[in-house]
Each structure stands twice: as structure tokens, then as C-alpha cells.
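Colleague: Let me see the structure of the following:
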Amino acid sequence: MTQPAIDIIVPVWNRPIETRNCLVNLLNHSPNARLIMVDNGSDRETEKLLQEFSEGLDDRAFLLRNDVNQGLVKALNRGLEKGEAEYLFIVKNTSLVGPGWLEPLLEFARQRKDAGLIVPGLVLKGRGKVKGKQIAAIEVAQGSFAAMLIRKSLYDAIGGFDEGMDGGTWCLRDYARRACRSGSFTFLVPGADVQYEEEVQLGSETRRRENLQKTIAEFRVRWGQDSSYCLLMPKGTDPEMVRCRIELLLPAARQGCLFHFIVPSHLHTLLMKSGHGSLHENITIHAVPFFHTAGTVQKMISRILSEAPETIVVAGIDGMSYTGEAPLLPFAELESRIRRCDDRRD
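Modeller: Residues are numbered from 1 along each chain as shown. Below you'll find the model as predicted:
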């Protein structure tokens with residue numbers, strides 16, 4: 001099968017050595033792609049490097065220049081505006097792709113037409129740690145500026161990133177929510193990993209903190225406060241009913257709600273085999289050990305509450321017996337709450 005037309009947007013601000021390595025790897029491992037390089041007010045050495053790449057690649061490269069550093073998000077948006085291919089990739093100039101990095105992402109995009117944003121496995125340079133290591137593809141709450149596929153049709157529908165946000169996590173979450181509202185979802189797809197570097201924080205800490213607080217406030221005005229729930233599934237629960245519960249809650253997980261399912265060990269095995277344990281990173285299935293004491297479930301709940309004290313414990317089956325300290329929210333009430341949240345977000 002012929003590889004689809006691809007545009008790769010690379011925002012650049014200085015770092016000539018890393019930039020050269022990034023561009024060389026992109027050319028070696030994505031031969032049918034066009035590079036859209038956005039020089040974000042770089043120094044003369046980096047500017048000259050980009051000019052040399054642009055002139056040497058002819059039609060395979062397009063160079064844009066900003067006189068001053070306008071920030072990552074504005075640079076990305078300027079590059080995305082010039083994208084014409086079916087698939088747009090953003091790759092930071094400090095990221096390194098390897099052999100076969102594109103194929104798993106493109107294949108998944110062809111199989112899942114609802115996949116608007118796709119992130120590869122990301123390995124932190126020098127540490128060998130994989131961010132979000134998965135065996136199978138899974139929906140996630142946000143993409144990554146280090147490397148990400150954006151379907152052109154999605155970009156045409158929702159536009160670029162919000163330049164008024166933080167240029168990091170909250171900007172990415174906002175974009176994923178906007179994609180979701182248009183019917184497209186964000187996935188992490190395992191395969192050939194991409195190496196990335198952690199973001200270097202620039203400017204004063206006070207200014208960054210103020211901008212972050214402003215961004216979070218704007219995000220919550222736009223999308224509401226995220227909620228966390230812990231659902232208890234007692235022994236003897238019908239596996240099909242649990243699968244239906246998970247699928248029912250999937251749209252809420254896409255909108256930021258966190259769900260912890262505590263289930264018997266045999267039920268956990270069945271859910272993992274059916275793929276319900278890897279539908280979305282906001283849905284976690286916890287297995288109660290086959291041999292356990294009366295307090296095991298309560299300890300599991302306590303661990304979840306210690307990480308997210310606002311978590312509400314829910315009866316997976318209305319009327320189930322429960323001896324724990326936290327009051328149980330009926331599942332029917334959880335459904336009602338989620339519907340009200342969906343109505344407000346729409």
C-alpha cells in the first residue's frame with residue numbers, strides 16, 4: 001500500500017545540534033514526508049542550518065520564520081496552517097524518531113477513522129523509561145507536543161491549539177476535549193518509540209505559576225471540574241453487565257472523569273481478555289486477590305482515596321451489601337450525575 005501524503009511540522013528555537021539530529025532522522029525514517037520547519041526566532045547558527053535543509057530538500061521542505069520567539073503553540077499553529085497532507089505530524093526539534101516509527105501510527109489511523117490524534121510510545125532520552133508504555137492501543141486524555149499525529153480533517157474541523165493556554169498539559173487536554181466533542185478521539189499506539197526530552201521551563205517561576213493558574217481556571221470554566229469514582233463489583237456479578245457499565249461510562253472518561261473498578265480476580269481476567277481493561281487510561285480495573293481478608297477491599301478503596309480524596313465510592317449493583325466507612329452512591333445516581341455534566345458541557 002502506498003504511504004499517504006504526510007506533512008511533518010517541526011518548531012525550532014535554537015538547539016542546532018539537536019535540530020540537525022531530529023531532521024536527519026525524520027528524513028531517513030519518513031522518506032515520503034514533507035517537512036514544514038518553523039524557525040521561531042532562532043540564533044544565526046540555527047537559522048543557517050534550517051536554510052541549508054530547506055534549499056537542499058527543494059519541494060520536500062517548507063521553511064517559515066518568526067522574527068522573535070512567539071512560543072511553541074503559536075509556532076505549531078503557523079506550521080499547521082500550511083499543512084496540506086491527509087496526516088499532519090508535529091515533532092519537536094529535540095525529539096528523535098527511529099526506524100518504523102510511522103507505520104504503526106498510520107496503520108492505526110486507517111483502521112480507526114475516529115482516531116483524530118495519535119501519540120507514539122515516548123521514551124525519555126537517557127533514562128530508558130517509556131511514557132505510557134502499552135501492549136495494545138489505548139485511548140488517552142491528551143496528546144503530546146513531543147510527537148503526535150493529527151488527522152487533517154480534524155484540524156480543518158476544530159482548528160489549531162489554544163494560544164491563550166499554558167503551552168503544555170492543559171493546552172493538550174483542551175485540544176483532546178475539542179477533538180472529542182467533534183467525534184474524534186486521542187490514542188496512544190505502541191510500536192517504534194520516539195525519544196523525547198523534558199520541557200525546559202523558561203521565564204520567572206512566579207509568572208509561570210500565574211499563567212498556569214489562569215489556564216486551569218479557563219479550562220474548568222470551559223469543561224467543568226473533573227470527577228473521580230470508585231465502583232465496587234461484588235462476587236457473582238455478571239461479566240456482561242460490568243462490560244456494559246464500562247462502555248456506558250466511556251464517554252464520561254473521555255471528558256475527564258476517572259473511574260476505578262474494584263472487581264473479583266476472575267472477573268478482572270475476563271475484562272482484560274475482552275479488552276475492557278484498556279479502553280481508556282481514565283478507566284482502571286483493580287483485581288481483588290483470590291485469597292483475601294474481609295478488609296482487603298476497604299484497603300484498596302483507602303489507597304484510591306489517598307491519591308484522590310474527592311473520589312466517590314459507587315455501588316456497582318444497587319442494593320449490594322457493604323460494610324465500609326464511605327457511603328455508597330447508587331449507580332443510578334452516578335448515571336444521572338454524568339448526564340447532567342454532559343448537558344452542561346454541550
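Colleague: The one helix or strand residue 148 maps to pairs with which strands?
Modeller: Assessed by DSSP states H and E, residue 148 sits inside strand 147-151. Here strand 147-151 has these sheet partners by DSSP bridges: strand 87-91 (antiparallel), strand 115-124 (antiparallel).
Colleague: quick one, which of those strands is nearest to residue 48?
Modeller: Each of these was scored for nearness to residue 48 using C-beta to C-beta, and the closest is strand 87-91 (20.9 Å). Every C-beta, even on glycine, is put in place using the N, C-alpha and C of the backbone.
Colleague: Following that closest one in sequence, what is the next regular element?
Modeller: Sequence order places helix 103-111 as the next helix or strand after strand 87-91, per DSSP H and E.
Colleague: In that next one, which of the residues would be classed as buried?
Modeller: If you call a residue buried by 16 or more other C-beta atoms under 10 Å, then helix 103-111 has these buried ones: 104-106, 108-109.
Colleague: before we move on, the earlier item: centre of the chain to the strand holding residue 148, how far?
Modeller: Relative to its parent chain, strand 147-151 has a centroid offset of 11 Å by C-alpha atoms, centre = their mean, to the nearest Å.
Colleague: Quick one: name whatever helix or strand follows that strand.
Modeller: helix 152-158.
Colleague: Tell me the buried residues in that next one?
Modeller: For helix 152-158, by 16+ other C-beta under 10 Å, it's 152, 154-155.
Colleague: got a list of contacts for that helix?
Modeller: Residues outside helix 152-158 that contact it (C-beta atoms under 8 Å, 6 or more residues apart in numbering): 80, 83-88, 116-117, 175, 178-179, 182, 184.
Colleague: ranges for the helices of the protein?
Modeller: Using DSSP state H, the helices assigned to the chain run over residues 16-29, 44-57, 72-81, 103-111, 152-158, 169-181, 205-223, 239-254, 265-273, 296-307, 331-345.
Colleague: What helices and strands are in contact with the longest one?
Modeller: Helix 205-223 is packed against helix 169-181, with contacts defined by 3 or more C-beta pairs under 8 Å, 6 or more residues apart in numbering; DSSP states H and E.
Colleague: if we can go back for a sec, would you list the buried residues of helix 103-111 in a markdown table and tack on pLDDT and distance to residue 217?
Modeller: Shown next, in a markdown table, are the buried residues of helix 103-111 (pLDDT from 0 to 100; distance: C-beta to C-beta, whole Å):
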| residue | pLDDT | distance to residue 217 |
| --- | --- | --- |
| 104 | 95 | 37 |
| 105 | 96 | 34 |
| 106 | 95 | 38 |
| 108 | 96 | 35 |
| 109 | 96 | 34 |
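Colleague: Appreciated, that's everything.
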